[in-house]
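J.: coordinates only, sequence not included:
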C-alpha cells in the first residue's frame, strides 16, 4: 500500500503531470506532461538508480500503475509510449557519476567504471 503523499515526490515542486501515480492517478489529456517516474518505469530503468529520499517509493508506485496498463487512460498510454522511445536520462546521469556497475536497458549494456 502506498503511504506517500504527492508533496513527498522529489519532483513535486516542478512537476506539471496531471496523472500522478502517488495519488492514485487522475485524468490525462493528449500531449499533457507525463510523470517522470512513470516514463522511467516504462523504460525499465533499474530501481537501484533511484536512491534519493522517497524516490524508490515513487518509482514503485509508478511501476504499479504501469503494471495496470490496460486501465490507464488511452491518452496517457500514447504519451508514455512516445516518451519511452527515448533513452533514460537517469542512466546517463549515473554514467557521469562513475561507478562499478553494469546496467542493461533494452538491448543496450553499459559498463560503468571510475
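T.: Cool, the structure landed. Note that the coordinates shown come from a computational prediction; the quantities given were computed from them, not determined experimentally.

J.: Could I get the full set of helices for the chain?
T.: When secondary structure is read from DSSP state H, the chain shows helices at 36-42, 55-67, 74-84, 89-97.

J.: Identify whichever of these lies nearest to residue 23.
T.: Residue 23 lies closest, by CB to CB, to one member of the helices of the chain: helix 55-67, at 9.2 Å. In short, each C-beta sits where N, CA and C put it, glycine included.

J.: Tell me which of the helices of the chain sits most buried.
T.: Across these, the average number of neighbours (mean count of other CB atoms under 10 Å) peaks for helix 36-42, which reaches a mean of 24.

J.: Run through the protein and note the low-pLDDT ranges.
T.: Applying pLDDT under 70 to the chain picks out residues 1-2, 89-114.

J.: circling back to that earlier point, including distance to residue 8, could the helices of the chain go into a markdown table?
T.: Converted to a markdown table, these look like this (distance: least, CB to CB, whole Å):
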| stretch | distance to residue 8 |
| --- | --- |
| helix 36-42 | 12 |
| helix 55-67 | 8 |
| helix 74-84 | 22 |
| helix 89-97 | 19 |
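
J.: closest to residue 29 out of those?
T.: Among the helices of the chain, helix 74-84 sits nearest to residue 29 (CB to CB), with 5.8 Å.

J.: In terms of secondary structure, what does that closest one contact?
T.: Applying 3 or more CB pairs under 8 Å, 6 or more residues apart in numbering; DSSP states H and E, one finds that helix 74-84 contacts helix 36-42.

J.: so how far is the helix it packs on off the chain centroid?
T.: Chain-centre distance of helix 36-42: 2 Å, with CA atoms, centre = their mean, to the nearest Å.

J.: now stretch 23-39
T.: Remark: stretch 23-39 is offset 11 Å from the chain centroid, using CA atoms, centre = their mean.

J.: Residues contacting it, please?
T.: The contact list for stretch 23-39 (CB atoms under 8 Å, 6 or more residues apart in numbering) reads 2, 5-6, 9, 11, 15-21, 50, 55, 58-59, 61-62, 65-66, 72-73, 75-76, 78-80, 83-84.

J.: 7 Å instead?
T.: The contact list for stretch 23-39 (CB atoms under 7 Å, 6 or more residues apart in numbering) reads 6, 11, 16-21, 58-59, 62, 65-66, 73, 75-76, 78-80, 83-84.
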